[in-house]
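Engineer: Sequence and predicted structure below; questions after.
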Amino acid sequence: MFETKTSKFESLVRAYSTELYRYAHWLCRDRFVAEDLIQETFARAWQGWESLRDDRAARGWLYTILRNEHARLFEKKRPEIDDAQELDDVVDAGSGAVFDQFEMREALEALPRTYREPLLLQVLGGFSCAEIGNMLGTSEGAVMTRLTRARLALRKASGVEARRKAGQR
Amino acid sequence: MNCFEFRRLLLADPRARTPEQEAHLAGCAECASLARGMESFEARLHDAMKIPVPEALADRVLLRHKIRAPAARAWALAASLVAALGVGIYFYRAPGGEDGPAVMAIAHVLEDEPQMLKENRGVDPVAMRAAFTRLGLNVPADGTRVLYFDTCPMMGGASKHVILQAPFGRLTLILAPEQSLGPRAVVAYRDRTALVNPVRSGSYIVVAESRQAVKRLEQLLM
């Protein structure tokens, strides 16, 4: 029984530590804190192993543990930004035609966390809007709205929207 | 489905495509063009999110897990023995390969130390002395400078990561109080040598460029 648990745990670590690290890094933006978060996430996963009843749910379970762990450690210091926050500051931050990976990362960092987080869960984690809603404790519709606004902001920052509209004229 | 609804769904989840969206795409050139543009945008977004991951991350997670979990099991075993027999003596030896902690420490040094030195947060001499004393070790004396002292990112908890510049080279010392890293072992890996040594109240690891340097630091610590 213990060996099964150990080998399953090792498989989870090997399968998901990379993507969880990236998610953690985007949450805290510090490589050492991100690695600590990964360590704590898997430590808590091990402690709470009995609560994982379906192996297919392991991935979402780990993301939720990580998110909770990050909140436990840091959320008091970083208040949640509400949905109504204006994105104008973000969308004006783009530098025009040349928009490389570095600038995309900067634009992502500039996104309010409320918008960045569901985007990370969708693009990095591959979760559906409904799954993200469950993880964030909000509705599927609210997640869709946040994702739409996040992408619009990033497209405007990258000049994609401006070029598209210019092409229409 | 109209263009507005199509675009709202496209921006919310570009991967999902309902039959209604497909039907709209077939009859709307402008939305089809937008959908094609979204594919390259999503690829760029995905690439931007894929930040570099530290080497051997999974190995480090598993190493720390092996250090933590057996210790907890051993304490539980000891407690049950004490309860059942009134005997408080037990022997514990870390499972897994004896080279594991040494190899992980070398990988950690090679991968993470350059960045750790860049982010140097200053050395607290009192905390440093306390960390050495806790393991019954001497702080290396004259001629050795401390370049870095903080919690070890690999071991976490109460562990300390110390980078020293000695006359005989740069060395790393990882202090792990109350942790068993297995029996004494000296391991050469890549271009480094590591010593893992259990002491009375924990363990420490030395990583250096040569076996001689490891030995010299060990002499300074004792």
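Structural biologist: Looks like it arrived, so ask away. Residues are numbered from 1 along each chain as shown, chains lettered A, B, ... in the order given.

Engineer: can you give me the helices in chain A?
Structural biologist: Counting by DSSP state H, chain A has helices at residues A:2-28, A:31-47, A:58-74, A:88-91, A:101-110, A:113-123, A:129-136, A:140-158, A:160-168.

Engineer: Tell me the confidence at the residue nearest to residue A:41 when sequence neighbours are not counted?
Structural biologist: Spatially, and ignoring its direct neighbours in sequence, residue A:41 is nearest to residue A:66 (4.4 Å; Cβ to Cβ, 6 or more residues apart in numbering or on different chains). In short, each C-beta sits where N, CA and C put it, glycine included. Note on residue A:66: pLDDT of 94.

Engineer: follow-up on the earlier one: okay if I get the helices of chain A as TSV plus mean neighbour count?
Structural biologist: Shown next, in TSV, are the helices of chain A (neighbours: other Cβ atoms under 10 Å in any protein chain shown):
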stretch	mean neighbour count
helix A:2-28	18
helix A:31-47	21
helix A:58-74	18
helix A:88-91	16
helix A:101-110	16
helix A:113-123	22
helix A:129-136	18
helix A:140-158	21
helix A:160-168	13
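
Engineer: So residue B:195 belongs to a helix, correct?
Structural biologist: No - counting by DSSP: H, G, I helix; E, B strand; the rest coil, residue B:195 is not found in a helix; it is strand.

Engineer: who's it bridged to?
Structural biologist: Beta-bridge pairing of residue B:195, defined through DSSP bridges, involves residue B:186, residue B:206.

Engineer: and chain B, which residues reach chain A?
Structural biologist: Within chain B, the positions lying close to chain A (Cβ under 8 Å from any Cβ of the partner chain) are B:8-9, B:11-14, B:16, B:30, B:34, B:37, B:41-42, B:44-51, B:53-54, B:57-58, B:60-62, B:64-65, B:68-69, B:115-116, B:119, B:153, B:156.

Engineer: could you flag which of those residues are buried?
Structural biologist: Taking 16 or more other Cβ atoms under 10 Å in any protein chain shown as the criterion, what is buried in the residues of chain B next to chain A is B:9, B:11-14, B:34, B:41, B:44-45, B:48-49, B:53-54, B:57-58, B:60-62, B:64-65, B:68-69, B:116, B:153, B:156.

Engineer: Name the helix or strand of chain B that has the lowest mean pLDDT.
Structural biologist: Least confident helix or strand, chain B: helix B:57-85 with a mean of 62, by mean pLDDT, DSSP states H and E.

Engineer: For stretch A:35-44, what does the pLDDT average out to?
Structural biologist: On average, stretch A:35-44 scores 90.

Engineer: contact partners of that stretch?
Structural biologist: A:9, A:12-13, A:17, A:20-21, A:24, A:27-28, A:62, A:65-66, A:69-70, A:73, B:54, B:57, B:60-61, B:64-65, B:68, B:153, B:156 (Cβ atoms under 8 Å, 6 or more residues apart in numbering or on different chains).
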